[in-house]
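**Q** build me a structure from this.
(chains A and B)
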Amino acid sequence: MARQLMKGNEAVAEAAVRAGLQSYFGYPITPQTELLEYLSRRMPEIGRPFVQAESELGAINMVYGAACTGARVMTSSSSPGISLMMEGLSYIAGTEVPVVIVNVMRGGPGLGNISPAQSDYTQMVHGGGHGDYHVIVLAPSTVQESVDLTVLAFDLAEKYRSIVAILTDGSIGQMMEPCEMPPMQPLKTEFPAWAATGAAGRERNVLSSIYLNVNEEEKANLRMMRRWLEVEANEVRFREYYTEDAKFLVVGFGSAGRVALSAVRAARAEGIPVGLLRPITLAPFPKKQLEELSKRVEGILVVEMNGGQMLDDVRLITSGRTPIEFFARLGGVMPLPDELLEEIRRLAKGPLTTEGDPRTRWLARMG
Amino acid sequence: MQKEIIIAGFGGQGVLFAGQLLAYAAMEYGKETTWIPSYGPEMRGGTANCTVIVSDEEIGSPVVRFPAGVIALNLPSLDKYEPLVSPGGVLVVNQSMINRGVTRSDILNVVIPASEIAEGIGDKRMTNMVLLGGLLANLPVLPLEALEQAIREHTPERHKRLIPLNIQALREGAAFLAQKV
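**A** This is a model prediction of the structure:
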């Protein structure tokens, strides 16, 4: 199929339609609104339900109910709206039903602003809602990757009866890039055995997150934990750039990752042997790859558009064996390639240390 | 090869659409491309701008500090971006709206009375196309024909009658070659 020039938000919406999205529930918020707006046109056009709920709470609970029927369902929002959905997400996780959510992140905390940020990493990767659960988190960095990961999200959600979050931001959502759409998949006609599809001729399926019997709850928790091990074993995705001979490594995801790519290329042009690891699955994180790279390189620069939320994971994975530096822009500010180039130069020049906290040194440099 | 272009002006001057046409042309010419609107507080000053990147390989950053090419449709845009054009780059200025000269001597300056030319062709709204022509004639990013094709294919239905005039505007702009400093 020919490439088309599409806005990130609309590309995610169309990819979801083609992946067999059966019903969508959402509530508008910038910089995500084009996604909802697109679906408000597109879904009725092909006879599928689109519901603008009365609030994010309404939307996530509608998604919860629809997911219990085994249908392919999705909602989307941006940071403050996602916070409102956290209770529902925990219930969905506890009920073990597949749901796709899209978070087009913006500057925060609080109402913040409508500019791109990555400050919901911890919220999405390490929980957000209460209880023991994991969410598969996919972080695209281009419009094409947004399309591809949207399709993947539905498959993974069903395969693991899991929430899959597409964690993108205002920059990727608003930009236009060429992309190739997947073919239109037919809507599902067969539903899993656990789904609430009408109990004629069989025993009722009860879908709930309530387990008043603690032993049953523990069993459910253990089942989910073991399922997560499978996810970790099978679903890690990442991109490496120029790492074969790299003495230095930049780690960044999504928008920060692609800005870092420009800086890494510029540094290479200056003769600095630097590579880039761009995690695509933030959960499961590419732990093994990072661990191996961290044994080969002399220093690592972590780049984010948040205050070092992924940095903490990188430090845990590398266990203090490799010197780490950190750089971030916050509050809706995108880092620019020349800033990151300067950070790579600084890393290559040294001195490098495994002592102290990279975040403290970065804050001191920010003045 | 990668070229970054910033198009900046007031809202309503066709800044975003000119950038989109450039991105369409790049895509259909087989290049990688990224179009990103200015997105943030600057939107509220009544100014609009977008960045278009055209490249032979996977595009990294969608935003740059030092673009290879700038089209400034008004004075605030010239003030903001003139210092940022990368050395050896191209600065295209809409002389009709800007009452000062360009001071950089390490870049190619293309000064075009674009609004007047557009009016002469028949519609002031084609100022953006005149300037885009001026950019393409001076910055090797895409052939003019690629843009002409994009104009034919991506002009919205309600403006279809303007296609020949837009192409004329593009060509008249392309007649302006940089003043060598």
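**Q** switch to C-alpha atoms for all contacts and neighbour counts from now on
**A** Noted.
**Q** contact partners of stretch A:287-297?
**A** A:246-249, A:277, A:300, A:314, A:317-318, A:321-322 (Cα atoms under 8 Å, 6 or more residues apart in numbering or on different chains).
**Q** do the same with stretch A:207-221
**A** Taking Cα under 8 Å, 6+ apart as the rule, stretch A:207-221 contacts A:68, A:91-95, A:132-133, A:195-196.
**Q** quick one: which of those is nearest to A:Pro44?
**A** A:Cys68 (22.0 Å; Cα to Cα).
**Q** do the longest helix anywhere in chain B and chain A meet?
**A** Scanning chain B for the longest helix, with DSSP state H as the assignment, gives helix B:15-28. Yes: contact of helix B:15-28 with chain A (Cα under 8 Å from any Cα of the partner chain) involves B:23-24, B:27.
**Q** quick check: next helix or strand after that helix?
**A** Using DSSP states H and E, the helix or strand that follows helix B:15-28 in sequence is strand B:32-37.
**Q** and the direction of that next one versus that of helix B:15-28, what angle?
**A** Counting by axes from the mean of the first three to the mean of the last three Cα atoms, to 10 degrees, strand B:32-37 lies at 170 degrees to helix B:15-28.
**Q** contacting residues around strand B:32-37?
**A** A:171, A:174-178, B:16, B:19-20, B:23, B:26-27, B:48-59, B:62-63.
**Q** mind giving me the packing neighbours of the very next helix or strand once past that strand?
**A** Using DSSP H and E, the helix or strand that follows strand B:32-37 in sequence is strand B:47-55. If contacts are counted by 3 or more Cα pairs under 8 Å, 6 or more residues apart in numbering or on different chains; DSSP states H and E, strand B:47-55 sits against strand B:2-10, helix B:15-28, strand B:32-37.
**Q** any chance of those in JSON lines, with mean neighbour count and mean pLDDT too?
**A** Supplementary listing: the helices and strands packed on strand B:47-55 in JSON lines, determined by neighbours: other Cα atoms under 10 Å in any protein chain shown; pLDDT from 0 to 100:
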{"stretch": "strand B:2-10", "mean neighbour count": "24", "mean pLDDT": "96"}
{"stretch": "helix B:15-28", "mean neighbour count": "24", "mean pLDDT": "97"}
{"stretch": "strand B:32-37", "mean neighbour count": "26", "mean pLDDT": "97"}
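**Q** so which bits of the stretch 101-250 of chain A are right by chain B?
**A** Residues of the stretch 101-250 of chain A lying near chain B (Cα under 8 Å from any Cα): A:114-115, A:171, A:174-178.
**Q** out of those residues, list just those in helices.
**A** Per DSSP H, those map to helices at A:171, A:174.
**Q** and the residue of chain B that's closest to chain A?
**A** Nearest residue of chain B to chain A (Cα to the nearest Cα) works out as B:Ser61 at 3.8 Å.
**Q** A:Gly110 and A:Pro80 touch, don't they?
**A** Yes: counting by Cα atoms under 8 Å, A:Gly110 touches A:Pro80, with 6.7 Å between them.
**Q** in terms of packing, which of these two has more residues around it?
**A** A:Pro80 (20 against 9; other Cα atoms under 10 Å in any protein chain shown).
**Q** hang on, the more buried one in a strand?
**A** No: read with DSSP: H, G, I helix; E, B strand; the rest coil, A:Pro80 is helix and lies in no strand.
**Q** so the residue nearest the centre of chain A is in which element?
**A** Centroid check for chain A by Cα atoms, centre = their mean gives A:Leu167 as the closest residue, at 3.0 Å. Per DSSP H and E: A:Leu167 is located in strand A:163-169.
**Q** below-threshold pLDDT in the stretch 1-150 of chain A: ranges please.
**A** A:1 (pLDDT under 70).
**Q** from A:Pro337, how far off is the closest residue to chain B within it?
**A** Chain B sits closest to A:Ser115 of the stretch 1-150 of chain A, with a gap of 5.8 Å, by Cα to the nearest Cα. As judged by Cα to Cα, to the nearest Å, A:Ser115 and A:Pro337 stand 18 Å apart.
**Q** with B:Ala23 instead?
**A** 21 Å.
**Q** hmm, back to that, of the contacts of stretch A:287-297, just the buried ones, ChimeraX syntax please.
**A** If you want just the buried ones from those in ChimeraX, going by 16 or more other Cα atoms under 10 Å in any protein chain shown, the selection is:
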select /A:246,247,248,249,277,300,314,317,318,322
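**Q** take the contacts of stretch A:287-297 and keep only those in helices.
**A** Those of the contacts of stretch A:287-297 lying in helices (DSSP H): A:314, A:317-318.
**Q** ok, back up a step: and which of the contacts of stretch A:207-221 is nearest to A:Ala267?
**A** Distances from A:Ala267 to the contacts of stretch A:207-221, taken by Cα to Cα, are shortest for A:Tyr133, at 40.2 Å.
**Q** which residues in chain B form strands?
**A** B:2-10, B:32-37, B:47-55, B:69-72, B:90-94, B:108-112 (DSSP state E).
**Q** so for A:Arg226, which of those sits nearest?
**A** With Cα to Cα as the yardstick, what comes closest out of these is strand B:32-37 (41.2 Å).
**Q** got the angle between that closest one and strand B:2-10?
**A** 20 degrees.
**Q** number of residues surrounding the closest residue to chain B within chain A?
**A** Using Cα to the nearest Cα, A:Val259 is the residue of chain A that sits closest to chain B, at 3.8 Å. For A:Val259, the neighbour count with other Cα under 10 Å is 28.
**Q** what sits against it?
**A** A:335-337, A:340, B:60-63.
**Q** now, which of those residues lie within helices?
**A** Using DSSP H, those in helices are A:337, A:340.
**Q** narrow the contacts of A:Val259 to those that are buried.
**A** Using 16+ other Cα under 10 Å, the buried ones in the contacts of A:Val259 are A:335-337, A:340, B:60-63.
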